[in-house]
Structure formats: structure tokens, C-alpha cells
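J.: any chance you can model this:
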Amino acid sequence: MLVYSSDKIRFLDDVRGNVISDRIIQALQRSGHGSVSDSERRSFEQSLQYMKNVLEVDTIPGDAGIALEYKIPQTSKRVDMIVSGLDESRRETCVIVELKQWEKAEITAKDAIVRTFLGGAHRETTHPSYQAWSYASLLKDFNQTVQEDGIRLEPCAYLHNCVDGSGILDDHYQAHIDRAPIFLRKDMVRLQQFIQRHVRHGDKNRVLYRIEKGRIRPSRDLATSLARLIKGKSDFLMIDDQKLVYEAALEVSEFSQQGEKQVLIVEGGPGTGKSVVAINLLVELTNRYKTVHYVTPNRAPRQVYEGRLTGTLTKSRFSNMFKGSGSYDGSEDGELDVLVVDEAHRLVERGQYQKSGVNQTRDIIRAAKTVVFFVDEAQQVTWKDAGSRGEIEHWAKQLGATIHHADLKSQFRCNGSDGYLSWLDRVLGVHDTAQDDLAGIDYDLAVVDSPSELRERIALLNRSGHKARLVAGYCWDWKSKKDPDAWDITFPEDGFAMQWNLSNDEGRYIEKAESIDQIGCIHTVQGLEMDYVGVIIGPDLVVRDRCVVTQPEMRARTDKSLHGYIKHRNEAPKSADARADAIIKNTYRVLLSRGLKGCFIYCADGETQEYFRQQITVALNKASDKVLDSGVSPSVVGGPDEALGSDENIDGPRVVSAEDVSESDNAVPLLDLEAAAGGFAEGFAEKQTLEDVEKWIALPDFYQARPGLFAVRVVGDSMNRRIPNGSLGLFEAKPGGSRNGQVVLAYHRDIQDPDNTGGLTVKVYRSEKVADSEGEWKHSRIVLACDTLESGYEDIVLDNAQAGELQVLGVFKGIVA
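T.: Residues are numbered from 1 along each chain as shown. As a prediction, this is how the structure comes out:
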């Protein structure tokens, strides 16, 4: 995401006019990132004054592109500055500049780690050259335009306040400086020459614009890179705090060589890179000739890794490196150098099969000289899960180990958004967070009207090249385990029937093409990720009177996650219920956070469905309000308007004329109506057909255009829980099947819509049927229900003959914009 984009001349004018910080802050507010502190504002102003001095030289072209605070896709990281243009050979190039206010930095013994004054104290942090290089590498990995068009990325760092470079330029960091040169206060001319060498000609901001509009390619997941990692090619990149934790773990492993047992506890939420660091540690420690195992209680990730390593590692060698958590009950004290324990929150009290060992945590600590535990207690999802910071500390002290702590915060899941996870915690009742909006979160999130629609949308995304899968709460018995022809998850009223994937390969179902026809559960996806996830919330989690209620008794009989709950409840009902409540909520928190790019939800319970729909609608409305309240135009600051083209509209989807539309446009007819959620021009049903529509609207990537789909602007508040006022809604014309409970576009000559008395309306459709004397079913009553946060609206009720005259013109499929 480009926060600020212009050419060099306009950038210099903004700095000279002392408005550059205002431009950046306004853009951050517009994009939902909020304001900044006074110190951050001063930092913008000071650093960019120095960059103004660098760029004022005439040999850097005036039409070179300038971007500030570019957010790297799929992460929460931002690049300070990018200068774009063409080099001497006319190759497109971007110079990435990492800006630092540091006056000096001290050398450490760790790779790519320095110590400097940050946040009121001297702290360890990544070397600026490593940081600039890692950001360039991430951009190459995530942006398809950079990859396919061969755009060169040249990283560097500028420490404009630093005079003493003895620490930052030490030979210890030379390999990183070679990849991304570093410039100090006295090096302004050298920095000018570096930029001049790579940006000889301007590009009128076109390179940055194309990068901004480039398709975001799915990140390379851990399993894909594992084989290359094992061969010593560390291409699964660590950044910032991941690198800090990695180096800290390597340092701790050396302490144990002096004879004292060491334990490092690393805490981090979903997508913070726990597994990335764990696998890199496995590779590096193995290269250092240490005896090291990667340990995980969850079998699914190990199965994925084993499948990926076919042809790279023999099965016996794989088994010697990747272990289950119950493998150490018979180990000698300190017989291994290092154990790297991923998903440590899933450790159980007893050893393998619960029949041996004293305690898994204790057995693991005893077995190695150094143990690195990666923990997220909010991902404990079974009754037996006992791994926690407190449990690890207890056994570490018992065994005389020195305890160290570290945190991972960089967010790679859910499009780099900690805000989405905080919002999930509040909506699920896990924690009472203040996150009640989704401002600035570029993440596809929606409640769909039926399980069939959920299946269709996920299948479509998967066919479009995204990794997308369906998952569900374990509330349906595993019938297909014994009967391959039996259906497990069924919704008969919707014609929906699917099987669990548990009978084959567990975690590998994400990798297998045919698994798109199966549903995963918590046991197959924990520790793994995909681009898009479709989640069916079962009856074990419902909402009653706006309160999230868990129902352990609704879990499937074949699920062992709550085994022990009934016995515990007989002894201590209050604590048993609290623990079961946490397990069920944690389960859905994990399922709802598996998607890198988006999550779509269907709830088996109607009231729960409406609760999630309302929560999403309100959160998105508040996000929109924040953008409007900022008072800033939604266009990109300083963006190249001429690059948009005649059919582009920066404020919404692209409009295409009927005569120019092609299959590649992924477009549907746009009905030109004065619409209200409950009011259109009377007579539309007779006058309008999809074939004579002049304008078509291009759909977002997660929708696929097909015959029968059309878009219409819905204005009004009678449906604002689902369809905010002014939304562009997508409908399917006259679909078959039951419409009960779905949002429809309907016409009746006699109805009076709550908004403007029109005969065409958008409402929730509910019907009652009776059989006549010949056994045929007919409508006895139809209710067109409002779904609004506003007072004063009443449902439209049609009885008997009136009900039979209602025409349903389309079923609501989602919001386009």
C-alpha cells in the first residue's frame, strides 16, 4: 500500500513547504492507521529534510518516482522511502532507503544484530543493512509485478545523524553491508551517487504505480521452502523480531556448552513466524554439528513437511529430525544438544499415548541441554493441552535450568493485521479488547448466506489459483471413517453434504488437490495456513442475546478434544465449564485466523449467523467513518492520475461499457436504478432485462463473473446490518433452490417499502407453506424482513394470494464495493 506517492519535484516542494508530515499523517489516517505521536511527526520531518538535501542534485531526474511509508503486502512492515526510475540500460529500478535517526550503534556478537538507543533505553535490534535487504527480499516474494517484470530492487540505509560508524560498519556486518550499503552523516554525496547510478532516468511514477496495482502473490509457506532450507539455502526469510529471537536462541544454545541447562520460552500469536524461526534454527544448529530435533505435538505439520521432503531426505533421516512430543520419556538427561519445540501449548501432561513418562514438558527439558519452546496459550484447543509459560517455568526450575524469554510480534497472517486478531478476540469473547472496527485492514471478511454458497466461493477461489479450503468446528460425527459412502457434515435444507478429511493424510489435505471436496477441522489445520479459509461455525458456539455461549455437549461424539470434561464437571463444575469455554473459543479463533488474505463464515445457528454479520457490518461501517472523518480524498496522495485510464475509477470498481466488455474483465451488468434497500423504480420487473444493460462493473478477484449475476446500488438503512447504505450489491437472477432466510431482491405491485413506498425491495425472505387438496405446496405467508440497526422500520408481510404474486428477481451474493 502506497501511503505517499509523487515525483521528486513535488516531494521537494512538499518538504520545503513544511507540509510533508501532514501529507503522510493524513494518508495514514485515511487508510485506517490512525494518527502518529509528536515524536514520530518530528522523525518524518527531520529524516525527510535530509533526503530532500540528497535528492536536490540535478543528476537525479525530477520525474523520478518517490514513495514513502510503503506497506509491504502480507506484513505489518513499512519501507521508509522508495526512489524509482530507469537505470543506464533503461531497466526499471527501485532504490529502497531505510532511514534511521541513530547517532551511533554498538557491535554485538550476534549476526545482523546491533545495540542502540531506542525507546528510552539501549536495546538490541536488527542492523539497518539487514533490515533494508530483508524488506527488498519480502517485496520480491510478495509482489508479482516485481517478479514477472524484472524490476530491480537496490536496498540501502541512511543514518543521517550518525558520525561514529565504528560499530555499525564493523567487519562483523560486512556480508549484510555488501547486500545493502550503509551511508552515514558525512556520506551524503556517496548516497547521491548510489541513487544516480540506479536511477538515471525518471519514470513519471509509473513503476511505483504498477507495483501498487500488482497482484499479490501468495507467500511461500514454510513447508515449500523446507527442502531448500535443509540443503542449507536459507530462503525462508526472517525479519526484525524473528531475527532477534533466532539469534537469541543460537546464543542460548552456546550457553549450555558451559554445563548449565538452558530454556528459552518464545511467545507469539498466529502468524508471528514461530515455525519460521523454529525451522531456521533446526537447519542452522544442524549445520553447527549439534544434535537437534524439531518437535511438535501436532502431527499435521510434520506430515506436510515429510511430504515436501520426499526425495530430499530419506524417511529414516526425516524421522530422526522431526519428532512427536511424546518421544522423550525414556531419554537420558542432556543426551541431545537442542530441542526446538513448536506448538508447545499443545504439550500434554503425560507422555506418548498417556501411558508413560512423568510429564511431557519435564521429559523434553530433561532430554536436552537447551530447549526452545514456542508458545501461544490462546491456541490450546483440547482438554489435555497443558503447555503454558507457567508449566514450562515450573519444570525448568525443578531441573535447574536457566530460563530466558522472548516475544514475536511481527504479523504475517490475516494480511499482516494484529487488528483483525484483536477484533476476533472481542467478537468471540476470548478477551474484552477495544478493537471494534476493521479500519485499515485489507482483508476479505464476510458472512455468507448458506453452506453451499460458502463451498462455492471457496472452490472458485481455489480454481483461480489461490490456496483455499473449507474447515468446520468438530460438531458432526465422523461417520465416513467406517463408511466411506457416508456424509459427515450435512445441511439437508440446503442440499449440502460433505465428508471430513480426517481419513487421509490429516495435514496434507491442504496440499492435495482433491481435498477441496473435503472439510478440515482443528486437528488438520493448526500450525498451517492458506490464502482463503471458509469456516463453518457449528452449534458448539452460539450467540444468545448478543452473548457468546459455548455448548460442549454439541461437540461430536467422535471428537476427543473435550475428553475429561464431564468427569471434571462432576467434581468442579465452574472450573470445568470455564476451561471448556476457553477451548471452544480458542478453536474458532484458530480456524478463523488460518487465512492470509480472507475468511468467509457460515454459522449453523441463525442467531449466531446474524451476530457475526452484524459485527462485521458495524466494524466495516466504523472503518468507513474513520476514512470520512479524516477529511482526506480517498485517492492516492500524489498518484499519477493519467495512468488510471478512461475506464478506471479510483473510488470504486472499474466500469466497462457493454460493447467493450470481455471475459477477461470479470464483469457483470450494472443495473442503472435509483435504488433503496426497499425501493426501486416501479415496473422494473417488466421493463428491465440483463441483456439491455449498457454498463458493466468489474468484480473483485474473489468473485467470478457468470451468467445471471448482476450488480445494483442499494441505498437506505432498512438492511444496514448486512448491506450498508450506498453499497454496490451483487445478486444472482432467479436462482433455484430454497430462498428461506436469504436476502433477496423482490418485486410486488402492492407493497410499500419502508424507505420510499416502491414495489421493488431488498429484504430477508421468510416463507410459510401449506399443502392444498391435491397435495401441492403453496405459499400461505411471506415475510420480507428488515435487518437494520435503525428504529422505525417494519417488515413487509404478504398473506395468501398476495404471497403468490411476489416475484423474487435475485438473491444477494455479497457486497462488491
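
J.: tell me where the model's unsure across the stretch 251-400 of the chain.
T.: Counting by pLDDT under 70, the stretch 251-400 of the chain has low-confidence residues at 306-320, 350-358.

J.: all helices of it, in order?
T.: Under the criterion DSSP state H, counting those that start in this stretch, helices of the stretch 251-400 of the chain are mapped to 274-287, 299-308, 315-321, 360-367, 389-398.

J.: can I get those helices in JSON lines with mean neighbour count and distance to Arg557?
T.: From N, CA and C alone the C-beta is placed, and that goes for glycine too. As requested, the helices of the stretch 251-400 of the chain are arranged in JSON lines below (neighbours: other Cβ atoms under 10 Å; distance: least, Cβ to Cβ, whole Å):
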{"stretch": "helix 274-287", "mean neighbour count": "22", "distance to Arg557": "32"}
{"stretch": "helix 299-308", "mean neighbour count": "21", "distance to Arg557": "22"}
{"stretch": "helix 315-321", "mean neighbour count": "12", "distance to Arg557": "33"}
{"stretch": "helix 360-367", "mean neighbour count": "26", "distance to Arg557": "27"}
{"stretch": "helix 389-398", "mean neighbour count": "17", "distance to Arg557": "30"}
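
J.: need those helices in JSON lines (columns: distance to Lys479).
T.: Listed next are the helices of the stretch 251-400 of the chain as JSON lines, based on distance: least, Cβ to Cβ, whole Å:
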{"stretch": "helix 274-287", "distance to Lys479": "33"}
{"stretch": "helix 299-308", "distance to Lys479": "22"}
{"stretch": "helix 315-321", "distance to Lys479": "32"}
{"stretch": "helix 360-367", "distance to Lys479": "32"}
{"stretch": "helix 389-398", "distance to Lys479": "36"}
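
J.: which one, of the ones you listed, ends up nearest to Gly465?
T.: helix 299-308 (19.6 Å; Cβ to Cβ).

J.: the closest one vs helix 274-287, what angle?
T.: 50 degrees (axes from the mean of the first three to the mean of the last three Cα atoms, to 10 degrees).

J.: so what's Cys603 up against?
T.: Cys603 makes contacts with 447, 536-537, 609, 611-612, as judged by Cβ atoms under 8 Å, 6 or more residues apart in numbering.

J.: I'd assumed Gly259 was in contact with Thr370.
T.: No. Taking Cβ atoms under 8 Å as the definition, Thr370 is not a contact partner of Gly259, at 11.9 Å.

J.: out of the two, which sits in the busier spot?
T.: Thr370 (30 against 8; other Cβ atoms under 10 Å).

J.: how far away is the more buried one from Ala300?
T.: Noted for Thr370: a distance of 26 Å to Ala300, by Cβ to Cβ, to the nearest Å.

J.: could you do Lys479 as well?
T.: From Lys479 to Ala300 the distance is 22 Å (Cβ to Cβ).

J.: buried residues, stretch 175-187. List them.
T.: 176-177, 179-184, 187 (16 or more other Cβ atoms under 10 Å).

J.: which residues are contacting it?
T.: Contacts for stretch 175-187 (Cβ under 8 Å, 6+ apart): 98, 112, 127-130, 132-133, 136, 155-163, 165, 168-169, 190-191, 194.

J.: put the buried members of the residues you listed into a ChimeraX selection.
T.: To isolate the buried ones among the contacts of stretch 175-187 in ChimeraX, judged by 16+ other Cβ under 10 Å, type:
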select :98,112,127,128,129,130,132,133,136,155,156,157,158,159,160,162,165,168,169,191,194
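
J.: quick check: phi and psi on Leu709?
T.: phi -90, psi 140 (degrees, to the nearest 10).

J.: in the stretch 551-700 of the chain, which spans are helices?
T.: 565-571, 573-591, 606-629, 684-687.

J.: just the stretch 101-250 of the chain next, same as before
T.: 128-142, 144-148, 174-179, 188-198, 206-213, 222-230, 241-255.

J.: pick out the shakiest of these, pLDDT-wise.
T.: Note on these: helix 222-230 shows the lowest mean pLDDT, a mean of 56.

J.: need the longest strand for the protein.
T.: For the chain, the longest strand by residue count, based on DSSP state E, is strand 760-771.

J.: can you tell me how far the nearest residue to Thr296 once chain neighbours are set aside is from Asp436?
T.: Of all residues not flanking Thr296 in the chain, Asp342 sits nearest, at 4.5 Å (Cβ to Cβ, 6 or more residues apart in numbering). Separation of Asp342 from Asp436 (Cβ to Cβ): 33 Å.

J.: between those two, who's got more neighbours?
T.: For Asp342 versus Asp436, the count of surrounding residues by other Cβ under 10 Å is larger for Asp342: 28 against 14.

J.: check contacts around that one.
T.: Contacts of Asp342 by Cβ under 8 Å, 6+ apart are 274-275, 278, 294-296, 301, 374, 527.

J.: and what of Gln196?
T.: 57, 59-60.

J.: which other helices and strands contact the helix or strand in which Ala27 is found?
T.: Using DSSP states H and E, Ala27 maps to helix 20-30. Applying 3 or more Cβ pairs under 8 Å, 6 or more residues apart in numbering; DSSP states H and E, we find helix 20-30 packed against strand 4-7, helix 8-16, helix 38-55, strand 65-71.

J.: put together TSV for the ones you listed, with mean pLDDT on each row.
T.: Listed next are the helices and strands packed on helix 20-30 as TSV, based on pLDDT from 0 to 100:
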stretch	mean pLDDT
strand 4-7	89
helix 8-16	94
helix 38-55	88
strand 65-71	89
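
J.: turn the ones you listed into TSV, columns for distance to Ala497 and mean neighbour count.
T.: Below are the helices and strands packed on helix 20-30 laid out as TSV (distance: least, Cβ to Cβ, whole Å; neighbours: other Cβ atoms under 10 Å):
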stretch	distance to Ala497	mean neighbour count
strand 4-7	50	24
helix 8-16	59	19
helix 38-55	54	17
strand 65-71	42	24
